[in-house]
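J.: the following comprises the amino acid sequence and a computationally predicted model.
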Amino acid sequence: MEPIISARGLTKRFGDFTAVDDLTIAVEPGTIYAFLGANGSGKSTTIRMLIGLLQPTAGSIELDGVDVIRTPRRVRDRIGYMGQKVSLYQGLSLRENVEFYAGLVGLAGANLERRWGALRERFALGDAERERSEGLSAGIRQRAGLALATLNQPRVLFLDEPTAGVDVHNRAVFWDLIQEEADSGVTVFVTTHFLEEVDYCHRASVIDAGKMIADATPEELRARYTAGYRIRVDCEAAALADAEPALHAAGFSLASASVGVELRIAALESPALSALAAVLAAHGMPLVHVAQPTMADVFRRLLSQAERAARGAAQEAA
Amino acid sequence: MRWRRLLTLMRREAQATLRDPFTLAILITVPLVSLLVFGFVLSTEVHDLSLGVLDESQTTASRRLLADLQANGDFRLRPIETRDALDSAFRSGTVSAAVIIPPTFDRRLREAPGGAAAEIQILYDGGETILAGNAEAYLRGLIGASVAQITARSGDDANPGRAAPHGVAVLIDALYNPKLDGTPYMVAGTFGFVLTFLTTLITAVSVVNERLSGTFEQLQVTPATSMEIFLGKVLPLGAVFAFDVVLMVIAAGLVLGVWPHGSILFFVAVSSFYVLTSLALGVVISATSATAAEAVQKTVLSSIPLVQLSGFAFPIRNMPIGVQWLSELFPATHYIRVSRAIYLRGAGVLDLLPELALLGLFGVILMTVALRSIEARA
Amino acid sequence: MSDSASIRLRQVFKRFGERVALAGIDLQLEGTQLVGVVGPDGAGKTTLLRTLAGLLEIEAAQADVLGVDLRAADMRPLKNRTGYVPQAFSLPRDLSVLENLRFTARLHQLPDDVFAARSAALLARTGLAPFTARPAGALSGGMRQKLAISCALLADPALLLLDEPTAGVDVVARDEIWAMLRERRDASLILISTSYLEEVEACERLIYLDGGRIVASGTPAELRAGVALELYRIWGAAPRALAAAARALPYVSNARASGHFARIEVPRMHTPGTARVLADLRALSPDVQLAEATDLDMESTLLALARPEHAGAAPPGER
């Protein structure tokens, strides 16, 4: 399928400083795409270029058929954007903010009532509607920001650290909403510092010092940058002996543990899961315990590798 | 151009404007009040002038003259005993004009046709140029009329039928500013305006920004005391402004030719203390403002009446009594008075004791409030 | 005045006008340790930390921090021995790294030799040594926070208070900051609020705040044990559909999908037993490839503490 967001050779220089260096991004429609990077890595600059707020020094960007560099204003109808600080006007209630932003996208009257009614319901904003925006708690604020970004039903949503400062519960609720959007065909381009949220996404890319250092699915990242999964099966090693060829074929390696059998595999994709399921079913459904490498582990490995590479390159250049 | 969008944006702007109390104040209240103030309160006519009276003649004629002055004019007569006392009264600003009736007045009046004309000397504070222009003409006319009546009457009493003698010579002198140059008046007043407005503004904004950026709270978690924090903020700024004062004095002198008649040291000392007072006011304003913009708005809003009512541009004596009392509540009013006294009349510490005491009191009060606002825990 | 690192709060209340931010806090902490302060938004975490730093007026039956009464007028004995790192970076941005350290040292009246030794150690430890001349405003987020922590540590505080010091900071810098804090564990009583689940696990002790009250406290293990929930995971394609299906089971209180699995929560008082649950989960759909009973993690623990009605049982350890 054609990517709905496609950037090639994207570069941005500010004087001598190269903030973004030859980036390639491809986002499939209807997917959630995580874009990660430390502060100062070029992340915000990249996003601003993708939504047409900043002119790149070089490269091309196409978004839903629009050439973003040549006609940046045409992008605005197709996207919803939620910045790091949700821009609600102080002194106005949530409802008044909604009316304002709706007015800007030409949504008013009965149409607005219908659309806002639905959003208010889904996003649980009914109680907060009449409250002044400065009085809203972080969780409600972020949901309101998302609601505003989806007012005109855009095809692509750009969310910049939408869960910053939000507690565990509200983060979970928020990601439910994002996943619902993706289910209904909206493409979501999101950045975050909470690495466990990467698992909600279909694909993740990482930018470091202006360069792309990773671009893969969460499982591929696990396979590449961690020691992989460890699955403990509560049964005798001997009992699984006959299953070993099948397990090996699926990518598992076996090791004995103090209790039961330990299976190791780089990534746990569907075929491997099926193979394991079959083996377990054939052996009386023993209990299993899956230790999944965390995304934090992935990033530690990824960033320290990148740092070593950068130092190596600097030493070569010196 | 989409009209609906334009309407949405306009509506937003209107909402924001009408909900912000300060913007409303600036847009509506200030223009209306200014209009009323300018119309009712500020006038450059001569009203209620404090007129010193040195009657060295002490005769029926002189007393009649004075009675007439009192009756016909808009004066508050203040009897003064000696020339020295009169000098002092002028310097301290107690009187801005005076009538001196010399001992020879009565005799010369009666001898009028043949000998020297009777004299009346009128002195007024030439520094107050707004007063000066009006008062001179007014006084001259008034005294001329009064004198004419007196001589007509005395002629009747003493020599019925005899021709009325010549009038009285009225000598008018402008003290301190014989050329009636308005510049020194404005220069002295400008110190007051600048040292009030700018100092308060800078401190208010600076402290608010510190509160907002969190650095203020960061100081509060260290062993630094509130006094240290307050002085640490206010003394360096005070020093800069004190330096400014010296610069302004020199600039006014070299460029405009206006030097203080009184002691420059005294002037700088008083100004420096006043600067600290204004800085303290800035700290107090910052404690009540949530944002720097709010602090600026409050300072600006309080500066508009300052210009109108502090005596900076318009004489206080011409305002209704209620407004005069209000004006006395501004520290700036007192500083401007002191500043003018030193610049124009060379007043010294003794001459200005009451005003200095009042300034001191304002200073202590404001600094205490400022210190409390820094100490206060949320 | 005892020198021990201790906090004794009894019935501490803090009101901001109408709003009650702290509604009767009872807290006893003795000795140096690393304590996490967690809870939903608006629970009062920042207010509690600011109170301990001596910044707020409070009402209390007892409020002793490091032996100093929080209601006293002179907070200096407390401030001399406390380091506070607020949520937003609040050191002067125009001062360089070294100038900031020196400014802090002077405010605490540290002798020059002490300052030299400690600042050298901190600069080396944080990796800020090559940046001593850079203005604080020009540092990246992680470096700024390291500078703020360094300044807080300069006076060798007995009490260290940190309000979300790693918010928005990348994972490598976060690791370094935590390493520093762990090294400090024997020298200071450290209270840190955080919303990163990994960091919550790393604390020795946790205080869970909600609505201005301490709802639960204990080690992470104790907190987990105190939540009467069983946690299961089902692995398979389309985990969102699986989660939706799981929600239909009568005893499931919560089901959420992420990545390749759906996490299913079953309150202990409703559970029909692990074996039965696993069987039911496997039977949900042919898409279920693996069903697993797993230990309760911090995410479920915190969610359950926030919504006790969803956990199906009241949380324990009312402190």
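T.: Received the coordinates, thanks. Residues are numbered from 1 along each chain as shown, chains lettered A, B, ... in the order given.
J.: CA only for contacts and neighbour counts going forward, please
T.: Noted.
J.: can you list the domains in chain C?
T.: For chain C, automatic domain parsing gives the domain ranges C:6-224, C:227-311.
J.: pull out the buried residues from stretch B:188-208.
T.: B:188-193, B:195-208 (16 or more other CA atoms under 10 Å in any protein chain shown).
J.: just the ones in helices from those residues, please.
T.: Judged by DSSP state H, the subset of the buried residues of stretch B:188-208 located in helices is B:188-193, B:195-208.
J.: of these, list those near chain A.
T.: Residues of those in contact with chain A (CA under 8 Å from any CA of the partner chain): none.
J.: could you pull out the helices for the chain?
T.: Defaulting to chain A. Counting by DSSP H, chain A has helices at residues A:43-50, A:72-75, A:94-104, A:109-122, A:138-149, A:168-183, A:218-225, A:244-250, A:270-282, A:295-317.
J.: meant chain C, my bad for not saying
T.: Using DSSP H, the helices of chain C run over residues C:45-52, C:76-79, C:97-107, C:112-126, C:141-153, C:171-184, C:197-202, C:220-226, C:239-247, C:274-283, C:298-306, C:308-311.
J.: residues in contact with the second one?
T.: Okay, so that is helix C:76-79. B:221-224, C:53-54, C:65-66, C:68 (CA atoms under 8 Å, 6 or more residues apart in numbering or on different chains).
J.: residue in the stretch 51-200 of chain B nearest to chain A?
T.: residue B:200 (27.2 Å; CA to the nearest CA).
J.: got the contact list for that residue?
T.: Counting by CA under 8 Å, 6+ apart, residue B:200 touches B:278-283, B:299.
J.: and what of residue A:64?
T.: Counted by CA under 8 Å, 6+ apart, residue A:64 has contacts A:4-5, A:78.
J.: are stretch C:48-59 and chain B in contact anywhere?
T.: Yes. On the criterion CA under 8 Å from any CA, stretch C:48-59 is in touch with chain B at C:53-57.
J.: how much space between residue C:149 and residue B:337?
T.: According to CA to CA, to the nearest Å, residue C:149 stands 53 Å off from residue B:337.
J.: and residue C:70, by the same measure?
T.: When distance is defined by CA to CA, residue C:70 is 47 Å away from residue B:337.
J.: which one's more surrounded, the two?
T.: Between residue C:70 and residue B:337, residue C:70 has the larger neighbour count (other CA atoms under 10 Å in any protein chain shown), namely 25 against 21.
J.: so in terms of bridging, what pairs with the spatially closest residue to the more buried one that is not a sequence neighbour?
T.: In space, and not counting its chain neighbours, residue C:70 is closest to residue C:63: 5.6 Å by CA to CA, 6 or more residues apart in numbering or on different chains. Beta-bridge pairing for residue C:63 (DSSP bridges): residue C:9.
J.: okay, now residue C:63: neighbour count?
T.: By other CA under 10 Å, 25 other residues sit near residue C:63.
J.: thought it was touching residue C:56?
T.: No. Residue C:63 is beyond contact range of residue C:56, at 11.9 Å (criterion: CA atoms under 8 Å).
J.: thinking again about what came up before, the residue nearest to residue C:70: what's it in contact with?
T.: The contact partners of residue C:63, taken as CA under 8 Å, 6+ apart, are C:7-10, C:12, C:69-71.
J.: make it 6 Å
T.: The neighbourhood of residue C:63, defined by CA atoms under 6 Å, 6 or more residues apart in numbering or on different chains, consists of C:8-9, C:69-70.
J.: which of those has the most neighbours?
T.: residue C:70 (25 neighbours).
J.: what's the pLDDT at that one?
T.: Listed pLDDT for residue C:70 reads 94.
J.: and residue A:310, by the same measure?
T.: 79.
J.: ok, residue A:219 next?
T.: 91.
J.: separation between it and residue A:199?
T.: 9 Å.
J.: can you check residue C:195 too?
T.: 18 Å.
J.: who touches residue C:293 in this structure?
T.: Residue C:293 makes contact with residue C:232, according to CA under 6 Å, 6+ apart.
J.: residues near residue 185, how many?
T.: Chain wasn't specified; assuming chain A. Neighbour count for residue A:185, taken as other CA under 10 Å: 14.
J.: my question was about chain C, not that one.
T.: For residue C:185, the neighbour count with other CA under 10 Å is 17.
J.: again with the one 10 residues further on
T.: For residue C:195, the tally of surrounding residues (other CA under 10 Å) stands at 22.
J.: same question, residue B:373
T.: 18.
J.: including neighbour count and distance to chain A, could the contacts of helix C:76-79 go into a markdown table?
T.: Formatted as a markdown table, the contacts of helix C:76-79 follow (neighbours: other CA atoms under 10 Å in any protein chain shown; distance: CA to the nearest CA, whole Å):
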| residue | neighbour count | distance to chain A |
| --- | --- | --- |
| B:221 | 23 | 24 |
| B:222 | 23 | 27 |
| B:223 | 22 | 31 |
| B:224 | 17 | 31 |
| C:53 | 25 | 22 |
| C:54 | 24 | 24 |
| C:65 | 23 | 28 |
| C:66 | 24 | 30 |
| C:68 | 22 | 32 |
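J.: restricted to strands, list those residues.
T.: Using DSSP state E, the members of the contacts of helix C:76-79 that fall in strands are C:65, C:68.
J.: from the contacts of helix C:76-79, pick the one nearest residue B:366.
T.: Nearest to residue B:366 among the contacts of helix C:76-79: residue B:224, at 21.3 Å, using CA to CA.
J.: got a pLDDT number for that closest one?
T.: Residue B:224 is given a pLDDT of 87.
J.: which one is it nearest to, not counting chain neighbours?
T.: residue C:107 (6.2 Å).
J.: please tell me how far residue B:343 sits from residue B:258.
T.: Where residue B:258 is concerned, residue B:343 sits at a distance of 8 Å (CA to CA).
J.: the two - which one has more neighbours?
T.: The neighbour comparison of residue B:343 against residue B:258 (other CA under 10 Å) goes to residue B:343, with 26 against 20.
J.: in chain C, what residue is nearest chain B?
T.: For chain C, CA to the nearest CA, closest residue to chain B: residue C:90, 4.5 Å.
J.: for the helices of chain A, which one sits closest to residue A:87?
T.: Closest of those to residue A:87 is helix A:138-149, at 7.5 Å (criterion: CA to CA).
J.: which residues touch the closest one?
T.: Here helix A:138-149 has contacts from A:80-82, A:86, A:166, A:170, using CA under 6 Å, 6+ apart.
J.: just the ones of those residues in strands?
T.: Mapping those onto strands (DSSP E) picks out A:80-82.
J.: hang on, the earlier thing: out of the contacts of residue B:200, which touch chain C?
T.: Among the contacts of residue B:200, proximity to chain C is found for none (CA under 6 Å from any CA of the partner chain).
J.: from those residues, pick the one nearest residue C:138.
T.: residue B:283 (29.0 Å).
J.: distance of the closest one from chain A?
T.: Noted for residue B:283: a distance of 26 Å to chain A, by CA to the nearest CA, to the nearest Å.
J.: helix, strand, or coil at that residue?
T.: Using DSSP: H, G, I helix; E, B strand; the rest coil, the three-state assignment for residue B:283 comes out as helix.
J.: just give me the neighbour total for it.
T.: For residue B:283, the neighbour count with other CA under 10 Å is 32.
J.: how about residue B:321?
T.: A count of nearby residues for residue B:321, using other CA under 10 Å, gives 12.
J.: now swap in residue A:50 and tell me
T.: The tally of other residues near residue A:50 (other CA under 10 Å) stands at 26.
J.: how about residue A:238?
T.: Residues lying near residue A:238 (other CA under 10 Å) number 10.
J.: same question, residue B:231
T.: A total of 16 residues lie near residue B:231 under the criterion other CA under 10 Å.
J.: which residues touch residue 32?
T.: Picking chain A for this. A:188, A:201-202.
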